[in-house]
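Enquirer: A structural model of the following input is requested.
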Amino acid sequence: MLRSSILIIACVILAFCQSKQQPHQAAGPMLQKVYYKSPEEIQRLRDAGAEIIVQEPDYVVIRTENMVQRLDMKSQPIQETDLVQRLVKIVLKDSSDLQAVINSGIDLWQVIGDTVIARAYDIYIERLRQAGFTIDIIAQNASKMEGRIR
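Expert: Coordinates of the predicted model:
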């Protein structure tokens, strides 16, 4: 009886210690604002597995969950104002293109004939360009254009 009680207590202690040693993962992807000085530093981020969500002249917002190495670059948690969307015009070649654009993750504003007006982060703009879409940036910061597009 005493032996089985000691064994149960030892198992509980061991399980408790192991749970404390295992790292806890964040509930969602971690976004960081990283300051850069050159295009080479941006490429180093990509090579390390960072996904670039927004690229501004002096910083990028990256998703770090797939990074394979940590880089020695100044970073900080993002603020909502760091997540800048572009106002874009996307030309559709046929009706199936509209569904692909909708599925891409952009914020659709208008569809006028064969043209989509939308807000999009740089990561989605790049993915759509890689898929063969023609995209023109109307404004670098879409939030400054709200209410002006007709």
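Enquirer: need the phi and psi values for the closest residue to Glu56 other than its chain neighbours.
Expert: Once flanking residues are discounted, Glu56 sits nearest to Val84: 6.5 Å by CB to CB, 6 or more residues apart in numbering. (C-beta placed from N, C-alpha, C; glycine too.) Here is the backbone geometry of Val84 (degrees, to the nearest 10): phi -90, psi 130.
Enquirer: over to Arg86?
Expert: phi -90, psi 150.
Enquirer: now swap in Thr134 and tell me
Expert: Per degrees, to the nearest 10, the backbone of Thr134 is at phi -90, psi 120.
Enquirer: tell me who's in contact with it.
Expert: Ile90, Val91 (CB atoms under 8 Å, 6 or more residues apart in numbering).
Enquirer: how close does it sit to Thr115?
Expert: Look at Thr134 and Thr115: by CB to CB, to the nearest Å, they are 10 Å apart.
Enquirer: overlap in contacts, those two.
Expert: Common neighbours of Thr134 and Thr115 (CB under 8 Å, 6+ apart) are Ile90, Val91.
Enquirer: now do the SS call for Lys93.
Expert: Here Lys93 is recorded as coil under DSSP: H, G, I helix; E, B strand; the rest coil.
Enquirer: what comes up buried for the helix or strand where Gln43 lies?
Expert: Using DSSP states H and E, Gln43 sits in helix 39-47. Buried residues in helix 39-47, counted by 16 or more other CB atoms under 10 Å: Ile42, Arg44, Leu45.
Enquirer: check contacts around the last one.
Expert: To tie it back to what came earlier, the one meant is Leu45. Counting by CB under 8 Å, 6+ apart, Leu45 has contacts Val34, Tyr36, Ile52, Val60, Ile62, Leu71, Met73.
Enquirer: how about 7 Å then?
Expert: Contacts for Leu45 (CB atoms under 7 Å, 6 or more residues apart in numbering) come out as Val34, Ile52, Val60, Ile62, Leu71.
Enquirer: backbone dihedrals for the first one, both of them.
Expert: Geometry field for Val34 lists phi and psi as phi -120, psi 130, criterion degrees, to the nearest 10.
Enquirer: alright, calling it a day.
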